[in-house]
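Asks: how does the following fold in three dimensions:
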Amino acid sequence: MIRFGERKVLSLEYSSLIFIFLAYAAVGSKILVALLYILDHIFFNFSIAIRTYFQKIGDPRDIASSMAVGFTINHVAAVFLPAIGGMLWMIDYRIPFVAGACMSLISLIAVQQIGIRK
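Replies: Predicted coordinates for the structure are as follows:
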C-alpha cells in the first residue's frame, strides 16, 4: 500500500472483480472458471487497503468500535446475500455474477474519492 496507495490498489481490485464476475457469467470452460477463481482470491487480498486507509483517516479512539460495527455489517451481509444470490441463481446462474460486477463498479466509483480533500 505504501508504494502504490490505497486508491490505486482498490481501483485495481474492483476493476479486476468487474472483469472476473462478468467472465464467470460468460465462460463455459472449467479450466477458465478455475483460473478465474484463483484470480478472484488473489485480488480479494487487496481489500486490506480499506483497513489501512481507515487507519490513516480515522480517529484512533474510534477505530476499534468502527471496526466492530463494520465486522457486524459484513457478517449480516454474508448471511443474507448468499440466500438472495441462490434464489437469483435458480432463475439464471449469471444474475448473481452480473450483480457482483455492478456492486464492484459502484465500489470502483466510490474509491475514486479516496485522497480527494475538500
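
Asks: right, and the helix or strand after the helix or strand of the chain with the lowest mean pLDDT?
Replies: Lowest by mean pLDDT, DSSP states H and E among the helices and strands of the chain is helix 48-57, with a mean of 78. Going down the chain from helix 48-57, the next helix or strand is helix 63-91, by DSSP states H and E.

Asks: hang on, the earlier thing: could you name the helices and strands sitting against the least confident helix or strand of the chain?
Replies: helix 6-26, helix 63-91 (3 or more Cβ pairs under 8 Å, 6 or more residues apart in numbering; DSSP states H and E). The way it works is simple: take the backbone N, C-alpha and C, and place the C-beta from them, glycine included.

Asks: now do 7 Å
Replies: Helices and strands touching helix 48-57, by 3 or more Cβ pairs under 7 Å, 6 or more residues apart in numbering; DSSP states H and E, are helix 6-26.

Asks: got the contact list for the helix it packs on?
Replies: Applying Cβ atoms under 7 Å, 6 or more residues apart in numbering, the contact partners of helix 6-26 are 1, 33, 36, 39-40, 43, 46-47, 49-50, 52-53, 94, 97-98, 100-101, 104-105, 107-108, 111, 114-115.

Asks: which of those residues are buried? Put it as a ChimeraX command.
Replies: Filtering those down to the buried ones (16 or more other Cβ atoms under 10 Å) takes a single ChimeraX command:
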select :36,40,43,46,49,50,53,97,98,100,101,104,107,108,111,114
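
Asks: so the least confident helix or strand of the chain versus helix 6-26, what angle?
Replies: 150 degrees (axes from the mean of the first three to the mean of the last three Cα atoms, to 10 degrees).

Asks: now do helix 48-57: distance to the chain's middle.
Replies: 15 Å (Cα atoms, centre = their mean, to the nearest Å).

Asks: only C-alpha atoms, please: export that helix in CSV.
Replies: Presented in CSV, the C-alpha positions along helix 48-57 are these (Å, rounded to 0.1, in the frame of the first residue of the first chain):
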residue,chain,number,x,y,z
ILE,A,48,-6.8,-4.9,3.1
ALA,A,49,-6.3,-1.4,1.6
ILE,A,50,-9.7,-0.5,3.0
ARG,A,51,-8.4,-1.1,6.6
THR,A,52,-5.1,0.7,6.0
TYR,A,53,-6.9,3.7,4.6
PHE,A,54,-9.3,3.8,7.6
GLN,A,55,-6.4,3.6,10.0
LYS,A,56,-4.9,6.7,8.2
ILE,A,57,-8.1,8.8,8.3
